[in-house]
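Q: Let's see this in three dimensions:
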Amino acid sequence: MSSFPRTLGAALLGASFLGPVLAAPASGAAPTTAPTTAAAATTAATTTDALLHAAVAGSWRSAANKARDRYRHPIATLEFFGIEPGMTVVELWPGAGWYTEILAPFLRDHGHLIEAGASPRFQKRLASDPAVFGHIAKFLPFSPPAPVALGPKDSADMVLTFRNAHDWLNRSPAALAAVFRSAFEVLKPGGVFGVVEHRAKPFANALQSSRTLHRIPEDYLIELGLQTGFRLAGVSEINANPKDPEDINVHRLPPDLVGPKSEHAKMRAIGESDRMTLRFVKPMPHAACR
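A: Here you go, the predicted structure:
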């Protein structure tokens, strides 16, 4: 697997994309962060980690879903995105709810989870287990390029999408661009748009690779995020898989294994697809940065 997309992402993580850099205090000046604030931050991080571990270990998750943790790294991924209790989080196109089974209990007592584009069948399943899913704030229709509204402007702390970007690109580049704009609009300044997506070879034709392989080159999504107005705040290899040659349809790999049985052993040896993990941030207003 080529390392160039990761090099590109790292190169883009300069000050111009991260926003203003806070100046260090002058010599002899008091530290800008009080010890009590640092202690509170440590406690919050410990609480977040404990809640995530509890959600991932939950009895409501099937053995098959838990078996995929080693490929999807849900705790490390969500911590990389910066999730915290009390947030308003929008999950786009939850599918069968692999991440919803983690997000819903994590945000159950403090926070709000909004599901955008959940099927009626999926909503019925969630309604059947109110102890785990009973505190989902709302369900929204979401079928890019329309309707794409995710809520009032500047109302969400985080928007998450897991392996969906190629589905929107398969509809049209305009549909995927509409998703990014919708995420940007609903997020508060400083809010995070977390993207996990199957990775194509660097600088591959995005539409072609998306439609034939269900993969998108990392440079394409980074450029789209920047064009939308986001800043690239983080690129992680949490969900990378160097065994994946990036030139086969992701559905031939586990867990789908749609190809002939003769190749299943080879596909299992590769594992799930190589994936990019991108953390975009909606910039703060200039006045707030001064």
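
Q: List the residues that contact Gly194.
A: Counting by CB atoms under 8 Å, 6 or more residues apart in numbering, Gly194 makes contact with 77, 80-81, 158-161, 277-280. (Each C-beta comes from the backbone N, C-alpha and C, glycine too.)

Q: run the last query once more with 7 Å
A: Shown in contact with Gly194 (CB atoms under 7 Å, 6 or more residues apart in numbering): 81, 158, 160, 279.

Q: Name only those of the residues you listed that count as buried.
A: For those, a neighbour count by 16 or more other CB atoms under 10 Å gives the buried set as 81, 158, 160, 279.

Q: Just put the residues you listed in TSV and tack on secondary structure, pLDDT and distance to Ser273.
A: TSV is the format used below for these (DSSP: H, G, I helix; E, B strand; the rest coil; pLDDT from 0 to 100; distance: CB to CB, whole Å):
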residue	secondary structure	pLDDT	distance to Ser273
Phe81	helix	98	19
Met158	strand	98	24
Leu160	strand	98	18
Arg279	strand	98	19
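
Q: Could you give the number of residues near the residue lying closest to Ser143 once chain neighbours are set aside?
A: Excluding the flanking residues, the one nearest Ser143 by CB to CB, 6 or more residues apart in numbering is Gly117, at 6.7 Å. Neighbourhood size, Gly117 [other CB atoms under 10 Å]: 21.

Q: how far away is Gly117 from Phe142?
A: To Phe142, Gly117 is 4 Å away according to CB to CB, to the nearest Å.

Q: Now do the shared contacts for those two.
A: Residues touching both Gly117 and Phe142 (CB under 7 Å, 6+ apart): 92-93.

Q: Could you report the separation of the residue nearest to Ser143 from Thr47?
A: Counting by CB to CB, the gap from Gly117 to Thr47 is 30 Å.

Q: closest to Pro105 among the contacts of Gly194?
A: Comparing the contacts of Gly194 against Pro105 with CB to CB picks out Leu160 as the nearest, at 15.4 Å.

Q: Lowest-scoring secondary structure element of the protein by mean pLDDT?
A: Using mean pLDDT, DSSP states H and E, helix 15-18 stands out as the lowest-scoring helix or strand of the chain, at a mean of 39.
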